[in-house]
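K.L.:
coords please:
(2 chains)
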Number of protein chains: 2
Amino acid sequence: MVTKPAPDATRRSEKSRRAIYDAALALVGEVGYPKTTVESIAARAGVGKQTIYRWWSSKADVLLEAFLDLAEQAARAAGQEPYAIPDTGDLAADLKAVLRATVDELLDPRFEAPSRALAAEGLVNEQLGREFVSKLLEPQLQLYVDRLCAAQDAGAVRADVDPRIALELFVSPLAQRWLQRTGPISYAYTDTLVDYALHGIAPR
Amino acid sequence: MVTKPAPDATRRSEKSRRAIYDAALALVGEVGYPKTTVESIAARAGVGKQTIYRWWSSKADVLLEAFLDLAEQAARAAGQEPYAIPDTGDLAADLKAVLRATVDELLDPRFEAPSRALAAEGLVNEQLGREFVSKLLEPQLQLYVDRLCAAQDAGAVRADVDPRIALELFVSPLAQRWLQRTGPISYAYTDTLVDYALHGIAPR
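P.N.:
Have a look, this model is predicted:
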């Protein structure tokens, strides 16, 4: 039988959990993934190491949840549901709205340093990279797949288009500009990507 | 007055230069950028440290030239000129051919480890990242700008399209799949990206 914890205990746990997320994100942004340890996260969060090991099995697990939490907060801050792309019936408008929220998130300093540090580690540490892609990035990309499939049903995207490839036409350019600093990112930029992806660059 | 070196000296220099490139690329792939030093490159190449400092001012400079040389070799191996995208009058075919050669290069093990190591460092080391983007990546992207401008003159791309953004529709997805391992890369994949980018994913 699972008993519900007393309200005080829940609040205390929630507070520790958030302190641990904040400590993990701050540390990975400051010293990089290899030098971030469960010990240093615990010290910075002001909790015992065993508190962390009660909830998570490794620093990778802590960071994974901390990023999921950050993404959820960012979605809510943008007035969106974290686990769906809106379907107003206007595909271009819906994609532009979600990408504008992503621009805001990418330019948020709380997100910048830890995300870069983790992405950098993922490029050279194949196991970590694959884990974060499968648990963090791919589920977000699947939201675009869902929205593009709905658009196919509604006749707004051609039936022969592969949605998993199509979403990359607007998601990957934004990701590369941000990650590799190959150009500025803005609402006008992501709006343009959506227009080009939907209608192509050749004469119609 | 600049005197031409004797043939023997030129050959000797060329051999040392290539040994230094190979050593620099191998080391950065094996131990990462921060732990690669001019000393370790010299030792591995079998030359004195002063030989490297005679030609380059830093390990970043050595690596920059080593990558430029690698890209040039890859282009020649694919039967292409290194500094232009062919213009046969068929934009889709030309873009597909260049992207297929890029797929080959990305899947070449000589390229894989050093490129990942350098890209990873560029994400967190802003100065190095900006230097390599401006000297290595952006000049390659400008070749696509040139080809798309020619296509605009020929009426194969709409006049209101920004070529510097348009090229990202097919270049960035390939870059992200390779860098972050978000999906397999193949000729079929890059061919599809070109078709979607040219004609869009919405009904025509």
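K.L.:
contacts, neighbours, all on C-alpha from now
P.N.:
Will do.
K.L.:
low-confidence ranges in chain A?
P.N.:
Applying pLDDT under 70 to chain A flags residues A:1-12.
K.L.:
interface residues of chain A facing chain B?
P.N.:
For chain A, the contact set with chain B under C-alpha under 8 Å from any C-alpha of the partner chain comprises A:116-117, A:119-124, A:129-130, A:133, A:138, A:155-158, A:161, A:165-166, A:168-170, A:172-173, A:175-176, A:179-182, A:193, A:196-204.
K.L.:
Could you rerun that using 6 Å?
P.N.:
The interface of chain A toward chain B, taken as C-alpha under 6 Å from any C-alpha of the partner chain, is made up of A:120, A:123, A:156-158, A:168-169, A:172-173, A:180, A:197-203.
K.L.:
got the contact list for the helix or strand hosting A:Asp146?
P.N.:
With elements taken from DSSP states H and E, the one containing A:Asp146 is helix A:138-153. If you take C-alpha atoms under 6 Å, 6 or more residues apart in numbering or on different chains as the criterion, helix A:138-153 is touched by A:Ala84, A:Val157, A:Ala159, A:Pro163, A:Arg164.
K.L.:
farthest-separated two in these?
P.N.:
Using C-alpha to C-alpha, those span at most 21.6 Å, a distance reached by A:Ala84 and A:Ala159.
K.L.:
what's around A:Pro203, how many residues?
P.N.:
Burial of A:Pro203 is recorded as 13 neighbouring residues (other C-alpha atoms under 10 Å in any protein chain shown).
K.L.:
Secondary structure element for the nearest residue to it once chain neighbours are set aside, which one?
P.N.:
In this structure, A:Pro203 finds its nearest non-sequential neighbour in B:Arg158, 5.2 Å apart by C-alpha to C-alpha, 6 or more residues apart in numbering or on different chains. Using DSSP H and E, B:Arg158 maps to neither a helix nor a strand.
K.L.:
For A:Lys59, which residues are in contact?
P.N.:
By C-alpha under 6 Å, 6+ apart, the neighbours of A:Lys59 are A:Val38.
K.L.:
Distance-wise, check it relative to chain B.
P.N.:
Distance of A:Lys59 to chain B, computed by C-alpha to the nearest C-alpha, to the nearest Å: 20 Å.
K.L.:
Now that residue. Its backbone dihedrals?
P.N.:
phi -60, psi -30 (degrees, to the nearest 10).
K.L.:
That one and B:Ala74: what is the separation?
P.N.:
39 Å (C-alpha to C-alpha, to the nearest Å).
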